[in-house]
Structures are given as structure tokens and as C-alpha cells.
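J.: Model the following, please.
(one chain, ligands or ions: 1)
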Amino acid sequence: MPLDPAPLTSRPEWRALASLQQGLKNTPMRTLFEQDPDRAQRYFTEGAGLSLDFSKNRLTDEILASLMALARQCGVPERTEAMFLGHRINVTEARPALHTALRNTGGNAVMVDGIDIMPEVEQSLARMASFTDDILSGRRTGYTGKTFTDVVSIGIGGSFLGPKLVCEALKPYQNGQLRGHFVANIDGSDICEVLQQVTPETTLFLIQSKSFRTQETLENGQIARDWLLENGGTDTAIAQHFVAVTANSREAEAFGIASDNIFPMWDWVGGRYSLWSAIGLPIALMVGMTNFHALLSGARAMDQHFRHTPLEQNLPVIMAMLGIWYSNFWGAESHAILPYDHYLESLPAHLQQLDMESNGKCVTQDGEPVSYPTGPIIWGGVGANGQHAYHQLLHQGTRLIPADFIIPLQSQNPVGEHHAILFANCLSQTRALMAGKTEEEARQELEQEGLSQDDIAALAPHKVIHGNKPSNTLLMDKLTPETLGALVALYEHRTFVQGVIWDVDSFDQWGVELGKQMGKGILDQIMGGPATKTTSDSSTEQLIRLFRSKRP
Ligand SMILES: O=P(O)(O)OC[C@H]1O[C@](O)(CO)[C@@H](O)[C@@H]1O
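T.: Numbers count the residues shown, from 1 in each chain. Purely as a prediction, here's the structure:
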């Protein structure tokens, strides 16, 4: 089908959705449920071990059809193929975005510049396997011959959030041989806290940086290196204790890392999509290579689902288009990620980077300013803790916040009736958000409590909950390496589809560069250098003076 070159907001599908929004404005979801007993069954889909109930959305068959028509008109199927085939879909950096190739083990060739990249991917996995085996078996030891007990992963952004999420989420699968630590922030407290817990002789350091130019990572790496040298290590110890994962092996070698200890990264993998590469080394060390492969296979199953399932049953596409529906037609400014699983505590942070760095853009791929909102604010936290914190605003605040509730049907730690209670909490939230409480219901409740008519009149408005707040419920049997892989890949593809609709480059991140550039000039001045153009506003200069006045 030829793609429509008209601007997004003047396309017929867009205009149809705008008028459908007007038509649905006064029909709450509660009514839609009452009118249609099959609603939950119809708005339910499965794939790659995940199930999605999307019935608690402001949705009708006509709206769903229009959302899918918009997806087709914007070229989602074609762009999806282009991504999998390795086309240069990251236009501003002229690069492919091939995180899907990292989990395509045993699959077809994937060509970049006429070369099949799959052998390199397989080779890297094989190196990870033998390295992991050497460390866990004790064949490879620290500089005094002792087995490694701790692994400290130093990296930031995508070189940190994904591996941290997966290591935590798969805690029940950890082999218990190594303690894992992550250092990201350029705040001395981060690395000092970790170094206090480990012993030089038995600590392995992974320097994780695609560019090997990231200030935070390099400075932390330097502190770790100095610490090892100050605590009995020599240059030979550095070679044994430091490993790098990077696409810039020259800089890694200049840092002092032996070439045999450098694992590859490629410019066709974005940082926030890189946990499936050797950036996942901390994961492999903590849960073993078999589980790492299971993680990849779960993600691959989601890739297949995304690539081959009709849009109407396609998990990432449905979730993406619902996000478009709320961001662009209902004015939602944020989206909540609410995992009801203790081990998924870091999921919102990972998805924040994935989504906000990908779709936090204000020009189209051609560089034209967009005339519609793009990526929303992603936030969230584990249930039920959030219920006693920010859920009040979800229920009665003035903002519309669509939410994803994510919960496994079985707990990794079945104790008492905890999981049934947790599940009930999750469902009660999605139901309360959808149904709310009418004024009549609030009044009846207060009457039953025996309150006077005056008290009822005063209290009832506070007890009304308007409801009609949308949510998705995402289920899996259990949180395993496979279902976790599928879950993370699902959100990667959801982000991609939204980027296609908004016509932004989801794979660059120029916005973070300005702060980095200015940081250099400011640091210079803090260290005593002259004032420069970068610091020439009175606020920045005043703050620098204050900092310098207290510098020890
Ligand atoms: O892996 P690197 O090159 O150190 O980059 C770390 C992170 O910095 C960013 O470039 C910007 O924050 C991210 O995209 C990336 O994941």
C-alpha cells in the first residue's frame, strides 16, 4: 500500500480518530462494559508467553480499527520490516537499529553493508559463554589466584539500566557464586559505597561503554583502577581484573585493558537496546549463560510475534496505538508502568530511558517541527507500594494517566496468601480506575454508615471517583528469563511503533549532547579556568562561585 505523504494530523485516519474521540467523550468505559458482555474476551490477546487484557481502555471496535488503519497508513508493517532487515532507520546517524539481530541466534543472515553480522553475534555469545564459564569454574582467578567473589559493573544509561533490571528480575535464577554490583553515577558516594563492600583480590570490574567516551563511566573506571593499584594490585592485576565491553577498543586499550578482555559492541546497536549484547555480561555472570540464552529466546519469540502477527492481535502494536490514542487525542502527558512483582522494581527506570530517550523528540525525521505531542513522561513503581503513595492521583487527580499493570500469575516466592492478595490488589486498582464510584454510590455508602444528611452532603463530593481511567493488564505465568525477555522486547517494539507514527528518529539522542558539551566548559571554570561563553549567564556564574568558595 502506498504510504500517505500528508502531514500526520491531516490524514483521514487521524481526523477520523479525532471525531471518534468526540463521540466517545460522554460514554464511560463502565457503560461500554455493561453494553457488551464479550468485551473482555474481544480485547484480549496473547503472544510470546504474555497475555494482554486491554478491555479497560476507552475503546470501541471502530476506534481500534481506526487506530490500526493509522498504523498501516503510517507504514508500521513496512518500517518494521526495514528494521529487521537492517535498513538505516536511524536516519540522523545513518545506522541500522539491529537489536533484534542480537537475539536472532540460529536464524537467517542479517546483512549490514553486504556482510552477514550473525557470525559476529554468535562469536560474541560464544566468548561470553567461555568467559562466564572460566570465571564461575574458578579457572580464571584474581591476581592472587583466588576465585572471584564479586563483579562490579561500571556503566551508565543503556550500559547500566538494562543489565541492572535483568540481574534483579532474575534474582531467583542467580547461581549465588558472585555478588553483583552496579556503579553508574558520577557521585563519589556511588562507587565508594560499592568499593567498601568488596575485596581487591576477588573483584572483577566490567567497564561497560559503547563509546568508551562517557565521562561518568571513565572517571568511575579510573577510581576502580587506582583502588586496585593502591590495594596491592599491579599492572598485571589490572589485566586480570578489568574487562571492557565497547565498540571503541582503541580507547579501552589506552585505558589499560588487555585486548583479550575486550568484548565487542557495534554501532548498529543503540545503547538503550544493548542488554542483549555483551553489555549483558553481568547478567550472564549472575544467572549463567543458559539463562542468558533463555532471555534471548523470549525476546526472539516477541520479535517473531511482532513481525508476523496481524496488527489487530499484535501486542506491541496494540499497546503503542493505545498510547498514541491517549497522548494525541485525550491529552495524556504521562504513562505509568506499574509492575506487581518485587523483582521488576527497576522496570520503570529502564523503560524511562528506553522510551524517553527514543521518543522525546520535537522534529520529524526530515527535521520539520512536529505539530503534535510525542513521547510522554514515563514513570512508575512496584505495586502495591504505589497504592499507598501516588495512586491517589491516578484515581482522583485532574490528569489522565494511562497505566500498564504487569503481574505474573505465579509468584517466585509463594508464601501464605501473599500472591492472591497481591493479585487482588492489582485487579482492584484496574477495576477502581475503570469503574470509579458515582455520587449516588458514595451517598448510599455514607447513609449505610449512619451519617446525617448534612455530613453526607459535605463528604459525598470527596468520595466520588470519576473512573473511566484506562489501563492495560499484562500477564505472564511466571517471571522467567523467557517471559522477561519477551516483556522487555515488547516495550522496545511499542516504543518503535510510536516513533513510526510520530515520524521521529527513535534511535538517536542529540538532546543529551548539549549538557555534556556545556559540562566540559563549566568543569573547566570550576577547576579555575577562565569564564567562557558556555557559562556566561549570571546564574551559572554565581553557582560556580558558590561551589568554588566551599571547595576543600
Ligand atoms: O555506553 P556509553 O557510550 O557509555 O553511553 C551511555 C549512555 O549515554 C547515552 O548516550 C546518553 O545518555 C545513552 O544513549 C547511552 O546508553
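
J.: All the strands of the stretch 151-300 of the chain, residue numbers only.
T.: Secondary structure of the stretch 151-300 of the chain (DSSP state E, counting those that start in this stretch): strands located at 179-183, 203-208, 242-246, 262-264.

J.: Dump those to CSV, plus distance to the ligand and mean neighbour count.
T.: Any C-beta I mention is one placed from the backbone N, CA and C, and that applies to glycine too. As requested, those are arranged in CSV below (distance: least, Cβ to the nearest ligand atom, whole Å; neighbours: other Cβ atoms under 10 Å):
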stretch, distance to the ligand, mean neighbour count
strand 179-183, 13, 21
strand 203-208, 7, 26
strand 242-246, 8, 27
strand 262-264, 13, 20
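
J.: how about a markdown table for the ones you listed, with mean pLDDT and distance to residue 64 added?
T.: Listed next are these as a markdown table, based on pLDDT from 0 to 100; distance: least, Cβ to Cβ, whole Å:
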| stretch | mean pLDDT | distance to residue 64 |
| --- | --- | --- |
| strand 179-183 | 98 | 41 |
| strand 203-208 | 98 | 41 |
| strand 242-246 | 98 | 42 |
| strand 262-264 | 98 | 43 |
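
J.: Now tabulate those strands in CSV and tack on distance to residue 466.
T.: Below are those laid out as CSV (distance: least, Cβ to Cβ, whole Å):
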stretch, distance to residue 466
strand 179-183, 41
strand 203-208, 46
strand 242-246, 49
strand 262-264, 53
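
J.: quick one: which of those strands is nearest residue 379?
T.: Closest to residue 379 of the strands of the stretch 151-300 of the chain, according to Cβ to Cβ: strand 179-183, at 20.9 Å.

J.: Please point out which parts of stretch 381-400 sit buried.
T.: Residues of stretch 381-400 classed as buried: 381-384, 386-387, 390-391, 394-395, 400 (neighbour count, 16 or more other Cβ atoms under 10 Å).

J.: so who does the closest residue to the ligand within the stretch 1-150 of the chain touch?
T.: Nearest to the ligand in the stretch 1-150 of the chain, going by Cβ to the nearest ligand atom, is residue 93, at a distance of 11.4 Å. The contact partners of residue 93, taken as Cβ atoms under 8 Å, 6 or more residues apart in numbering, are 267, 507-508.

J.: One more: residue 280?
T.: Neighbour list for residue 280: 128, 162-163, 166, 274, 292, 295 [criterion: Cβ under 8 Å, 6+ apart].

J.: Roughly how far does it sit from the ligand?
T.: 13 Å (Cβ to the nearest ligand atom, to the nearest Å).

J.: Quick check: phi and psi at residue 476.
T.: Here the main-chain torsion angles of residue 476 (degrees, to the nearest 10) amount to phi -150, psi 160.

J.: rewinding a little: I'd like to know which of the contacts of residue 280 are part of helices.
T.: 128, 162-163, 166, 292, 295 (DSSP state H).

J.: Quickly find the element holding the residue most central in space within the chain.
T.: Geometric centre of the chain, nearest residue: residue 351, 2.0 Å, by Cα atoms, centre = their mean. Residue 351 belongs to helix 347-352 when assigned by DSSP states H and E.

J.: next one: that helix to chain centre, how far?
T.: 4 Å (Cα atoms, centre = their mean, to the nearest Å).

J.: Quick one: list the elements packing against that helix.
T.: The helices and strands touching helix 347-352, judged by 3 or more Cβ pairs under 8 Å, 6 or more residues apart in numbering; DSSP states H and E, are helix 161-169, strand 334-339, strand 377-380, helix 481-502.

J.: after that helix comes which helix or strand?
T.: In N-to-C order, the element after helix 347-352 by DSSP H and E is helix 358-359.

J.: what does that following helix rub up against?
T.: Identification of contacts with helix 358-359 by Cβ under 8 Å, 6+ apart yields 272, 374-375, 495-496, 498-499, 502, 504, 506-507.

J.: check these against the ligand, which are close?
T.: residue 272 (Cβ under 6 Å from any ligand atom).

J.: so which of the contacts of helix 358-359 would you say is closest to the ligand?
T.: Taking Cβ to the nearest ligand atom as the measure, the ligand sits nearest to residue 272 out of those, at 5.4 Å.

J.: Identify the residues contacting the closest residue to that closest one other than its chain neighbours.
T.: In this structure, residue 272 finds its nearest non-sequential neighbour in residue 158, 3.9 Å apart by Cβ to Cβ, 6 or more residues apart in numbering. Each residue near residue 158 by Cβ under 8 Å, 6+ apart is listed here: 210, 270-275, 279, 353.

J.: From what I see, residue 354 and residue 490 are in contact.
T.: No: Residue 354 is not in contact with residue 490 according to Cβ atoms under 8 Å; the separation is 11.0 Å.

J.: Show me which of the two is the more surrounded one.
T.: More crowded of residue 354 and residue 490, by other Cβ atoms under 10 Å: residue 490, with 26 against 23.

J.: what's near enough to touch the more buried one?
T.: Residues near residue 490 by Cβ under 8 Å, 6+ apart: 48, 50, 302, 306, 315-316, 319, 474.

J.: which residues touch stretch 261-268?
T.: 86, 93, 95-98, 101, 112, 117, 120, 124, 127-128, 131, 210, 239, 242-247, 249, 252-253, 274, 277-279, 281.

J.: number of nearby residues for the residue of the stretch 201-350 of the chain found nearest the ligand?
T.: Nearest residue of the stretch 201-350 of the chain to the ligand: residue 271, at 2.5 Å (Cβ to the nearest ligand atom). Neighbours of residue 271 under the rule other Cβ under 10 Å: 25.

J.: Distance of the spatially closest residue to it that is not a sequence neighbour relative to the ligand?
T.: In space, and not counting its chain neighbours, residue 271 is closest to residue 158: 3.1 Å by Cβ to Cβ, 6+ apart. Residue 158 is 3 Å from the ligand, where distance means Cβ to the nearest ligand atom.

J.: what do you get for residue 353?
T.: Separation of residue 353 from the ligand (Cβ to the nearest ligand atom): 7 Å.

J.: domain ranges for the protein?
T.: 8-73+309-435+469-502, 111-293, 512-549 (automatic domain parsing).

J.: How far does the last one stretch from one end to the other?
T.: Which is domain 512-549. 29 Å (Cα to Cα, to the nearest Å).

J.: Now do that domain: distance to the chain's middle.
T.: The answer for domain 512-549 is 32 Å, by Cα atoms, centre = their mean.

J.: What of the second one?
T.: From the chain centre to the centre of domain 111-293 is a distance of 20 Å (Cα atoms, centre = their mean).

J.: ditto for the longest one
T.: Put simply, domain 8-73+309-435+469-502 sits 14 Å off its chain's centre (Cα atoms, centre = their mean).

J.: end-to-end on it?
T.: End-to-end span of domain 8-73+309-435+469-502 (Cα to Cα): 8 Å.

J.: what mean pLDDT would you report for it?
T.: Average pLDDT, domain 8-73+309-435+469-502: 98.

J.: Show me which pair in the contacts of residue 490 is furthest apart.
T.: Largest separation among the contacts of residue 490 by Cβ to Cβ: 306 and 474, giving 14.8 Å.

J.: rewinding a little: which residues touch the residue of the stretch 201-350 of the chain closest to the ligand?
T.: By Cβ under 8 Å, 6+ apart, residue 271 lies in contact with 157-159, 210.

J.: ranking those by neighbours, who comes first?
T.: Within the contacts of residue 271, neighbour counts (other Cβ under 10 Å) peak at residue 159, which reaches 28 neighbours.

J.: Let me know the pLDDT of it.
T.: At residue 159, the model reports a pLDDT of 98.

J.: so what's it up against?
T.: Per Cβ under 8 Å, 6+ apart, neighbours of residue 159: 208-210, 214, 217, 245, 271, 274, 279.

J.: Any idea how many residues pack against the closest residue to residue 336 other than its chain neighbours?
T.: Distances taken as Cβ to Cβ, 6+ apart place residue 403 nearest to residue 336, at 3.9 Å, with adjacent residues excluded. Neighbourhood size, residue 403 [other Cβ under 10 Å]: 25.
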